[in-house]
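In: please find the sequence and the predicted model below.
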Amino acid sequence: MPRTRLSAILYLILVFASGVLVGVASTRLYAVKASVPSPAPRTMAEFTRRYTEELRHRVGVNDEQVAAVEKILIDSKKRYDDLRREQRPMRDRIQQEQVDAIRAVLTDAQKPAYDTWRAERAKRSKTGATGASGSSGAAR
């Protein structure tokens, strides 16, 4: 039975449509798997819980080791907090020097607008409107 031109076109359309369907299905499957990362922990307790759970599953630590790791994490957090507290005056001084240098570049007419803009940025930063409220804010 000779194939007609119409049946050849129908086969081409069928092959093309099946390719599109397979492509769409695989793209959606990939997008679902790729977009399911676990959110970052919000608290130290949540971070510690996740960290020790992963140690249990991936490394095979026991309860005694978990308790020791938790103590190490608490101690490390305290040391990091102390370090941040020590560095804060230096960061604040550098930031103030930056602001003073920028103000020196501006005209007297531009300085009030700059101050207003900085105040708005500081307010947004404190309310969390710009993302992470603890951002370094080099231009604050």
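Out: Thanks, I have it.
In: distance of the residue nearest the centre of the chain from residue 81?
Out: Centroid check for the chain by Cα atoms, centre = their mean gives residue 40 as the closest residue, at 7.8 Å. Applying Cβ to Cβ, to the nearest Å, the value for residue 40 to residue 81 is 19 Å. The C-beta positions use only the backbone N, C-alpha and C, and glycine is treated the same way.
In: show me this structure divided up by domain.
Out: Listed by automatic domain parsing, the domain ranges of the chain are 1-37, 38-127.
In: just name the most buried of the ones you listed.
Out: Greatest average neighbour count among those goes to domain 38-127 (a mean of 11), per mean count of other Cβ atoms under 10 Å.
In: worst average pLDDT in the domains of the chain?
Out: The minimum mean pLDDT among the domains of the chain belongs to domain 1-37 (a mean of 80).
In: helix or strand: which one has residue 53?
Out: Element membership for residue 53, per DSSP states H and E: helix 44-54.
In: ugh, wrong one, I meant residue 101
Out: Using DSSP H and E, the element containing residue 101 is helix 63-105.
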